[in-house]
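Novice: only geometry, no sequence info:
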């Protein structure tokens with residue numbers, strides 16, 4: 001019986017073609033389809049049949065035959081997808097460049113940043129086109145993030161010290177993240193909050209009555225997630241010492257106490273230093289300047305704010321204190337520790353990369 005179909009074409013590769021095919025096949029940035037085609041051609045060049053190559057790569061033998069003949073006719077160029085039919089580009093490269101440059105380096109006379117409509121009017125294109133250009137280049141001029149780079153001369157040492165406490169706490173010691181949340185307001189809405197209904201969120205009045213403030217001290221146990229708290233009218237150095245004394249009473253004797261806290265003046269007064277001399281098991285670890293984000297108790301304060309304080313109403317400071325104490329008791333009944341994942345090297349590398357990128361961008365723009 002005569003063999004039907006196209007005859008099998010033998011594939012002979014030059015040295016450069018083989019190196020290129022192998023590089024495309026293993027390069028992570030190559031499209032999966034291109035990598036597969038390269039593997040097909042390499043298999044065919046090894047003298048294997050279409051069926052053998054298809055079985056090895058999990059494709060149809062017809063697919064192997066297609067790319068065998070395509071490579072034999074067009075070589076490496078035949079493996080790349082031809083341009084697909086579609087609408088012809090109507091925006092020239094110089095217009096795209098002008099939009100990007102204007103977005104990055106200029107501003108309209110009546111605003112701090114460009115809008116899609118403003119740039120569209122300036123360059124005579126549609127605002128949808130401006131949006132597509134911004135999206136292609138990852139530009140979001142309406143957004144602005146805040147930052148503060150610490151100038152602490154001991155930045156590296158403090159980061160490594162605190163991260164070391166979180167990831168490898170010392171033996172026979174308790175690590176606490178300590179801070180205070182000052183001036184918590186007892187706010188009461190001027191009218192009762194309307195409850196949530198199907199299709200309608202809960203609604204509260206925008207105005208409120210102030211009924212006093214209080215200050216909350218908190219010490220988060222890094223290992224267990226439990227929290228020691230103390231509610232006071234002020235947050236002076238004397239109040240801080242009273243809170244340290246409370247921690248000292250609640251921690252079993254014989255255990256060291258490692259305290260992570262920020263650089264408030266009330267944490268460094270002569271009376272605090274004298275107290276530490278009398279309580280040798282306490283050791284302070286200060287976060288870097290502008291580095292309060294490293295204090296894990298801030299994460300607990302955030303949970304308290306979003307889950308309880310933000311949408312509650314209180315007619316007095318006493319009611320506010322009772323509400324906070326009830327919430328803390330519920331938390332300590334089923335504590336959930338916050339786990340630190342980043343190493344000190346990861347933090348420092350990211351900070352260095354960010355500073356380098358900002359410096360290069362500012363140098364290029366100037």
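Specialist: Right, received. Where do you want to start? All figures in this text were calculated on a predicted structure; none of them were measured in a lab.

Novice: other SSEs contacting the helix or strand encompassing residue 330?
Specialist: Using DSSP states H and E, the element containing residue 330 is helix 317-333. On a contact count with 3 or more CB pairs under 8 Å, 6 or more residues apart in numbering; DSSP states H and E, helix 317-333 meets strand 173-189, strand 208-221, strand 227-232. The C-beta positions use only the backbone N, C-alpha and C, and glycine is treated the same way.

Novice: And the contacts of the lengthiest helix in the chain?
Specialist: As assigned by DSSP state H, the longest helix anywhere in the chain is helix 344-365. Helix 344-365 is contacted from outside by 104-105, 149, 156, 159-160, 163-164, using CB atoms under 8 Å, 6 or more residues apart in numbering.

Novice: One more pass at 7 Å, please.
Specialist: 105, 149, 156, 159-160, 163 (CB atoms under 7 Å, 6 or more residues apart in numbering).

Novice: quick one: low-confidence parts of the stretch 251-366 of the chain?
Specialist: For the stretch 251-366 of the chain, residues meeting the criterion pLDDT under 70 lie at 361-366.

Novice: And the stretch 1-150 of the chain, by the same measure?
Specialist: For the stretch 1-150 of the chain, the ranges with pLDDT under 70 are 1-7, 27-31, 81-88.

Novice: To what extent is residue 59 buried, counted in neighbours?
Specialist: Neighbourhood size, residue 59 [other CB atoms under 10 Å]: 17.

Novice: next one: phi and psi at residue 170?
Specialist: Dihedral pair for residue 170: phi -70, psi 160, per degrees, to the nearest 10.

Novice: Quick check: it vs residue 255, distance?
Specialist: 10 Å (CB to CB, to the nearest Å).

Novice: same thing with residue 99?
Specialist: Using CB to CB, we find residue 99 at a distance of 62 Å from residue 255.

Novice: out of the two, which sits in the busier spot?
Specialist: residue 99 (25 against 11).

Novice: Would you agree that one is in contact with residue 133?
Specialist: Yes - using CB atoms under 7 Å, residue 99 is in contact with residue 133, at 5.0 Å.

Novice: How far does stretch 262-269 sit from its chain's centre?
Specialist: 29 Å (CA atoms, centre = their mean, to the nearest Å).

Novice: Report the buried residues of it.
Specialist: Buried residues in stretch 262-269, defined by neighbour count with 16 or more other CB atoms under 10 Å: 262, 264, 266-267, 269.

Novice: cool, and stretch 289-305?
Specialist: For stretch 289-305, by 16+ other CB under 10 Å, it's 289, 291, 294-298, 300-301, 304.

Novice: What is the end-to-end distance of that stretch?
Specialist: 24 Å (CA to CA, to the nearest Å).

Novice: one step back: filter the contacts of helix 344-365 down to just the ones in strands.
Specialist: Secondary structure of those is defined by DSSP state E; no position falls in strands.

Novice: can you list those in CSV and add neighbour count and distance to residue 285?
Specialist: CSV is the format used below for those (neighbours: other CB atoms under 10 Å; distance: CB to CB, whole Å):
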residue, neighbour count, distance to residue 285
105, 9, 44
149, 12, 21
156, 14, 14
159, 23, 11
160, 15, 11
163, 19, 10
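
Novice: Could you grab the helix/strand/coil label for residue 257?
Specialist: Look at residue 257: counting by DSSP: H, G, I helix; E, B strand; the rest coil, its state is strand.

Novice: Pretty sure it sits against residue 172.
Specialist: No - in this structure residue 257 lies outside contact range of residue 172 using CB under 7 Å: 10.8 Å.

Novice: The two: which has the busier surroundings?
Specialist: Set residue 257 next to residue 172 and count neighbours by other CB under 10 Å: residue 257 wins out with 19 against 8.

Novice: Can you pull out the residues in contact with the helix or strand hosting residue 74?
Specialist: Element membership for residue 74, per DSSP H and E: helix 61-74. Outside helix 61-74, the residues that touch it by CB under 7 Å, 6+ apart are 6, 9, 11, 37, 40-41, 44, 50-51, 53-54, 78-79.

Novice: So which of those are in helices?
Specialist: Counting by DSSP H, the contacts of helix 61-74 place 37, 40-41, 44, 50-51, 53-54 in helices.

Novice: Which of those residues sits closest to residue 16?
Specialist: Nearest to residue 16, judged by CB to CB, of the ones in helices among the contacts of helix 61-74 is residue 41 at 13.7 Å.

Novice: Mind picking the two most distant members of the ones in helices among the contacts of helix 61-74?
Specialist: Farthest apart among the ones in helices among the contacts of helix 61-74 - using CB to CB - are 37 and 51, which lie 17.6 Å from each other.

Novice: quick one, which of these two is more surrounded?
Specialist: Taking other CB under 10 Å, residue 37 and residue 51 do not tie; residue 37 has more neighbours (25 against 12).

Novice: Quickly note the distance from the more buried one to residue 26.
Specialist: On the measure of CB to CB, residue 37 and residue 26 end up 14 Å apart.

Novice: before we move on, what about residue 178?
Specialist: Distance, residue 178 to residue 26, using CB to CB: 52 Å.

Novice: Check residue 201 too.
Specialist: 53 Å.

Novice: and what of residue 206?
Specialist: Per CB to CB, residue 206 is found 60 Å from residue 26.

Novice: which of the two has more neighbours?
Specialist: residue 26 (11 against 6).

Novice: what's the burial count for the residue lying closest to the more buried one once chain neighbours are set aside?
Specialist: Of all residues not flanking residue 26 in the chain, residue 35 sits nearest, at 7.6 Å (CB to CB, 6 or more residues apart in numbering). Residues lying near residue 35 (other CB under 10 Å) number 17.

Novice: Cheers, nothing more for now.
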